[in-house]
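Student: Kindly generate the corresponding structure for this input.
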Amino acid sequence: MAELTDKIKEKLSEANGFQGVVFTENINYPMIEVPKERLLEIAKILRDEFQIEQLRDVVSVDRFTKNERFECIYNLFSLTHGKRIFLKVKLDSKNPEVESLYPVWQSANWAEREAWDMMGIKFLNHPDLRRLYMMEEYEYHPLRKDYPLMGLPGAVKLPKK
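Tutor: Next comes the predicted model:
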């Protein structure tokens, strides 16, 4: 894994114009934090140049008390190398939106829709960004930390018996 990670670090270095890219580890797996403006570009580089063929999941995180309140963490996997790598982007609390990775990995479709439905993170240029669990007209996002534990009274009109 070190070889692949080193090659990725070399490619995404400041010397090559990739400012704001931070490399860390999360539970012994490499984590690359990227600026949201460069996410799509870097995802294409990882797929095309480093054979990262799969996006297995998109995890949305609400850090509630921080200015960059939301994070999207992409769980990527290379079948060629048999290695996992995580890609992370931080999003503004007032406007949590980021470019969709559907054009790079079509498996992003449902995971991004779930992050939109439950956390309210908007994925720009997603081909079908609609809710998965909640009704389309429901204006709230239940996994946000400011959502009341018991729900919002009257937010959902229940059918009469």
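Student: how about residue 43, what does it touch?
Tutor: 74, 87, 101, 104, 105 (C-beta atoms under 8 Å, 6 or more residues apart in numbering). The C-beta positions use only the backbone N, C-alpha and C, and glycine is treated the same way.
Student: Within the helices and strands, which one has the residue most central in space within the chain?
Tutor: Note on the chain: the residue nearest the mean C-alpha position is residue 72, at 3.0 Å, using C-alpha atoms, centre = their mean. In this assignment (DSSP states H and E), residue 72 forms part of strand 70-78.
Student: list the buried ones in the helix or strand that comes right after that strand?
Tutor: Going down the chain from strand 70-78, the next helix or strand is strand 83-91, by DSSP H and E. By neighbour count with 16 or more other C-beta atoms under 10 Å, strand 83-91 contains the buried residues 83, 84, 85, 86, 87, 88, 89, 90, 91.
Student: Repeat that for stretch 38-52.
Tutor: Going by 16+ other C-beta under 10 Å, stretch 38-52 has these buried residues: 38, 39, 40, 42, 43, 45, 46, 47, 50, 52.
Student: can you map out the strands along this structure?
Tutor: Using DSSP state E, the strands of the chain run over 22-26, 29-33, 54-62, 70-78, 83-91, 97-99, 122-124.
Student: so can I have JSON lines of the ones you listed showing mean pLDDT?
Tutor: JSON lines is the format used below for the strands of the chain (pLDDT from 0 to 100):
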{"stretch": "strand 22-26", "mean pLDDT": "91"}
{"stretch": "strand 29-33", "mean pLDDT": "95"}
{"stretch": "strand 54-62", "mean pLDDT": "96"}
{"stretch": "strand 70-78", "mean pLDDT": "97"}
{"stretch": "strand 83-91", "mean pLDDT": "96"}
{"stretch": "strand 97-99", "mean pLDDT": "97"}
{"stretch": "strand 122-124", "mean pLDDT": "97"}
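Student: thought the residue nearest to the centre of the chain was touching residue 59?
Tutor: Yes - using C-beta atoms under 8 Å, residue 72 and residue 59 qualify as a contacting pair, with a distance of 7.2 Å.
Student: sorry, back to before: in helices only, show me the buried residues of stretch 38-52.
Tutor: Among the buried residues of stretch 38-52, DSSP state H puts 39, 40, 42, 43, 45, 46, 47, 50 in helices.
Student: and of those, the nearest to residue 120?
Tutor: residue 39 (18.0 Å; C-beta to C-beta).
Student: Now do the contacts for the closest one.
Tutor: 87, 89, 98, 99, 101.
Student: could you measure it against residue 2, distance?
Tutor: According to C-beta to C-beta, to the nearest Å, residue 39 stands 24 Å off from residue 2.
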